[in-house]
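In: 3D model of this:
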Amino acid sequence: MKALTYHAAKDIRFESIPDARITAPHAAIVRVTACAICGSDLHIYQGHGFSDDVGFCVGHEAVGEIVEIGSSVEGLKIGDQVMISAAVGCGLCAPCRAGDCTRCERDATACYGLSHKLPGCQAEAVMVPHADQNTALIPEGLSHEQALMLTDNLPTAYLGATNASIRPGGTVAVVGLGPIGLMAVEIAFALGAARVYAADLVPERRAMAERLGAIALPPGDERAVLKELTKGRLAESVIEAVGADATLKLAISLAGKQATVSTIGVNQSKQFPFPMALAFNKGLTFRTSLCSVVKHWGELVPMVRSGRLKPQQFISHRMPLADGAEAYALFNDRREGAMKMVLTL
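Out: Reported below is the predicted structural model:
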């Protein structure tokens, strides 16, 4: 089958790999109809991956059709249209069966497309372990593109917002306005925030946040402007959606007294110099977590179905999987208004 594979920094190839196959009775094979590039995939693309492997299939966001099931799969059948959770667990312990794979009691939490261990979804087909727990039928009333946003990005943005303790009438700052950051802006308003401030270096992304109702902060002067606009109070809730040392420092600086800082950006720094004295003096709560995607589907599906959240609006490009290398380059370089990149088969 054809797939996108990683070989070196900025070397993504569309090539043939062995067909996906069932390796355990609880697994299923999904024929991928659409997949997407996540911001965390860029760590791999830039050569700062999560393993030393090369030649593995990348990607962890996909929807598709069940084409084969193992003998122990109970809730799925061939022909079902499904969305795949980006994160998986053992599928057997109580937290995993409840959809909370980050609390897997067997320490089996994993993500597709980080190594050969669990091949990725940017392929013609993917093997899904513990398919009953790690997939769901695409809900009635949702498009496949909306379902695709539910495989990782939207739940991660929702986790970031709920971890930020947003209250009705509250003041929120979002640092990093890629697809997840922009979804977090929309979610913050849905959770009742009165004002949302948005920070990013890219003018087009700040403009998009403003169209969602946010107030854009100028690069380099974010804290000073926010302090003036809030009469010194700064933000009660801050969501950091990049993971770079600079954006983490900015997020903490935008937080007011007794504020909560929630970071969902994947940080590759081995020794981030956490400003403990500043956090202590402000009385900050600092939260970070991987996302248990399935855990949030019950809350998010009704919000998408009702039109309260429109995650599909952040899709900027729809390209064939065969053009995946170009899609990665566009997204990495932020060219041609690249936001959410969807690859179709």
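In: report the buried residues of the helix or strand of the chain with the lowest mean pLDDT.
Out: Taking mean pLDDT, DSSP states H and E as the measure, helix 276-282 is the helix or strand of the chain with the lowest mean score, a mean of 92. By 16 or more other C-beta atoms under 10 Å, the buried positions in helix 276-282 come out as 279, 282. For the C-beta atoms, the positions are set from N, CA and C on the backbone; glycine is no exception.
In: just the residues contacting it, thanks.
Out: If you take C-beta atoms under 8 Å, 6 or more residues apart in numbering as the criterion, helix 276-282 is touched by 252-253, 255-259, 286.
In: of those, which belong to helices?
Out: 252-253 (DSSP state H).
In: pairing partners for whatever helix or strand Ser262 lives in, with directions?
Out: Here Ser262, judged by DSSP states H and E, is contained in strand 255-263. Applying DSSP bridges, strand 255-263 is found paired with strand 235-240 (parallel), strand 285-288 (parallel).
In: make JSON lines out of these and add distance to Asp323.
Out: Converted to JSON lines, the strands paired with strand 255-263 look like this (distance: least, C-beta to C-beta, whole Å):
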{"stretch": "strand 235-240", "distance to Asp323": "31"}
{"stretch": "strand 285-288", "distance to Asp323": "34"}
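In: any chance of those strands in CSV, plus distance to Phe274 and mean neighbour count?
Out: Shown next, in CSV, are the strands paired with strand 255-263 (distance: least, C-beta to C-beta, whole Å; neighbours: other C-beta atoms under 10 Å):
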stretch, distance to Phe274, mean neighbour count
strand 235-240, 13, 28
strand 285-288, 8, 17
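In: which one of these lies nearest to Arg318?
Out: strand 235-240 (27.3 Å; C-beta to C-beta).
In: now do the closest one: everything it contacts.
Out: 160-161, 164-167, 170-176, 181, 184, 188, 193, 197, 226, 247-248, 250-252, 254-256, 258-265.
In: ok, of these, which come out buried?
Out: 160-161, 164-166, 170-176, 181, 184, 188, 193, 197, 226, 247-248, 250-252, 254-256, 259-265.
In: picking that back up, out of the strands paired with strand 255-263, which is closest to Cys101?
Out: strand 285-288 (16.5 Å).
In: can you report phi and psi for the most far-flung residue of the chain relative to its centre?
Out: Largest separation from the mean C-alpha position in the chain: Lys231, at 33.3 Å (C-alpha atoms, centre = their mean). Main-chain torsions, Lys231, degrees, to the nearest 10: phi 60, psi 40.
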